[in-house]
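In: Using only what follows, build the 3D model:
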Amino acid sequence: VAGLGNYGLWGTRHSVGMAVLDRLARQLAVAEGWRADRQCCADVALATACSLELLLLKPRRFMNLNGLSVASAAEIYNLHPEDIYLVHDDLDKALGKVAIKLGGSARGHNGVRSCISALHSNEMTRLRVGIGRP
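Out: Coordinates of the predicted model:
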């Protein structure tokens with residue numbers, strides 16, 4: 001599960017993917033388990049939910065380069081694009097509304113575009129979190 005955003009710009013609308021992962025880590029009782037992984041240039045935490053092993057990932061890059069971290073983690077942890085969930089902001093959704101989407105285009109989202117390019121696939125499942133228009 002990769003939370004897309006701009007690392008270091010906490011609290012901004014476009015880093016909502018990382019905020020969702022922080023919340024998920026707290027709910028799964030692994031919030032203290034975040035560690036920097038230099039190989040994939042990301043903060044990672046391991047968790048278990050409903051008998052599934054999860055790798056939570058927050059890329060340590062700006063949004064348009066998030067895909068490099070996601071692709072590195074996929075290689076290191078032997079994941080396929082269809083195993084990956086991207087959590088990211090969506091300007092076209094009202095604030096707080098969410099939608100799940102499987103595959104398709106990036107719809108103008110630079111972080112998703114970066115992931116599609118780096119993974120050479122668009123088969124990731126996406127949790128789109130509405131941030132509304134300014």
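In: When you work out contacts or count neighbours from here on, use the C-alpha atoms and nothing else.
Out: Fine.
In: ok, G130 to L46 distance?
Out: 26 Å (C-alpha to C-alpha, to the nearest Å).
In: In terms of neighbours, single out the busier of those two.
Out: G130 (20 against 16; other C-alpha atoms under 10 Å).
In: show me what contacts the more buried one?
Out: D89, D90, L91, D92, K93, A94, L95, G96, K97, V98 (C-alpha atoms under 8 Å, 6 or more residues apart in numbering).
In: Just the local confidence number for the third one, please.
Out: L91 is assigned 93 on the pLDDT scale.
In: so it touches I131, yeah?
Out: Yes. With contact defined as C-alpha atoms under 8 Å, L91 counts as touching I131 (5.4 Å).
In: Give me the more crowded residue out of those two.
Out: I131 (20 against 17).
In: quick one, what contacts C40?
Out: Going by C-alpha under 8 Å, 6+ apart, the list of residues near C40 reads P59, L68, S69, V70, A71, S72, A73, I76.
In: Report the separation between it and I116.
Out: 16 Å.
In: Can I get the contacts of C40 in a markdown table including neighbour count and pLDDT?
Out: Shown next, in a markdown table, are these (neighbours: other C-alpha atoms under 10 Å; pLDDT from 0 to 100):
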| residue | neighbour count | pLDDT |
| --- | --- | --- |
| P59 | 27 | 97 |
| L68 | 22 | 97 |
| S69 | 26 | 98 |
| V70 | 30 | 98 |
| A71 | 23 | 98 |
| S72 | 18 | 98 |
| A73 | 22 | 97 |
| I76 | 11 | 96 |
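In: Lovely, talk soon.
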